[in-house]
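K.L.:
Here is my input; please provide its structure:
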Amino acid sequence: EKTLGEKFSSSENFVDLENPHSVIKVYILNEKIILGEITEDINRGLFENRKNQKRPFSSPVSLDPALARVLTNLSGIKPGDFLLDPFCGTGGILIEAGLCGVGACGVDVKEEMVKGCKENLEEYGIISHDIRQGKASESIKMFEKNFSAILTDLPYGQASKKTDSAVEDFLE
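P.N.:
Got it, this is the predicted structure:
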C-alpha cells in the first residue's frame, strides 16, 4: 500500500474514500502486482430481471442470464458482429448477446420456441434479430451472413429428442 501510494501520489492526486473519482483495484499474484481501474460499474441485479421465469415466454429449461453473458463475453464477439445459436429455445443467449450490441440469429426446430424467442428478444429491446425455424444441422446455410461465433446451450431433458446421429448432426 505504501509503495503504490508513493507511486501515485502527487500534488494533483488526493484520496477521497467517500466519493472517489477513480477506483483502482490491486491484485497480488505470485509476487506480481496487477493494477486495474474500474471504468464501468455494471448493475448485476439486472440479470435477475431477465431470468427465464420473468420473461414473457418461458420454458422449463433455459440458461441463466449471468451464465449466458459469460459465454457471450468469453466468445470474444464484438458489437456489430453476428452470433448464431442453432438451438435458440427461449433466446437466453441471444438476449445477452443482443444487449451487448451483437447481431442475434437463432434457429429452433419448434415453431413455438421461434415465436417465443422473438417475443423475448423484443421485450428486451433487441429489435434487430433473425430467428428461424429449422434443424440445427442446416442453420448456417439458412443465413447469408458470416458468423463471428456460434454459441448454444445444447438441448437436454424433455427439450431434446434422441436420435442415433444427434452428436454428428450437431458437429456437422
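K.L.:
Phe57 is in contact with Leu121, isn't it?
P.N.:
No: Phe57 is not in contact with Leu121 according to C-beta atoms under 8 Å; the separation is 10.0 Å. For the C-beta atoms, the positions are set from N, CA and C on the backbone; glycine is no exception.
K.L.:
Looking at these two now, which is surrounded by more residues?
P.N.:
The neighbour comparison of Phe57 against Leu121 (other C-beta atoms under 10 Å) goes to Leu121, with 26 against 19.
K.L.:
Work out for me the element that one sits within.
P.N.:
Assigned by DSSP states H and E, Leu121 belongs to helix 111-123.
K.L.:
And for Asp130?
P.N.:
Short version, using DSSP H and E: Asp130 is in strand 129-133.
K.L.:
pLDDT weak spots in this structure?
P.N.:
156-167, 169-170 (pLDDT under 70).
K.L.:
for it, what spans make up the strands?
P.N.:
24-29, 32-37, 82-85, 103-108, 129-133, 149-150 (DSSP state E).
K.L.:
Now tabulate these in JSON lines and tack on distance to Phe143 and mean neighbour count.
P.N.:
Shown next, in JSON lines, are those (distance: least, C-beta to C-beta, whole Å; neighbours: other C-beta atoms under 10 Å):
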{"stretch": "strand 24-29", "distance to Phe143": "41", "mean neighbour count": "9"}
{"stretch": "strand 32-37", "distance to Phe143": "38", "mean neighbour count": "9"}
{"stretch": "strand 82-85", "distance to Phe143": "7", "mean neighbour count": "24"}
{"stretch": "strand 103-108", "distance to Phe143": "6", "mean neighbour count": "25"}
{"stretch": "strand 129-133", "distance to Phe143": "7", "mean neighbour count": "17"}
{"stretch": "strand 149-150", "distance to Phe143": "11", "mean neighbour count": "16"}
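K.L.:
Could you dump those strands into JSON lines and include distance to Gly116?
P.N.:
As requested, the strands of the chain are arranged in JSON lines below (distance: least, C-beta to C-beta, whole Å):
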{"stretch": "strand 24-29", "distance to Gly116": "40"}
{"stretch": "strand 32-37", "distance to Gly116": "40"}
{"stretch": "strand 82-85", "distance to Gly116": "14"}
{"stretch": "strand 103-108", "distance to Gly116": "9"}
{"stretch": "strand 129-133", "distance to Gly116": "10"}
{"stretch": "strand 149-150", "distance to Gly116": "21"}
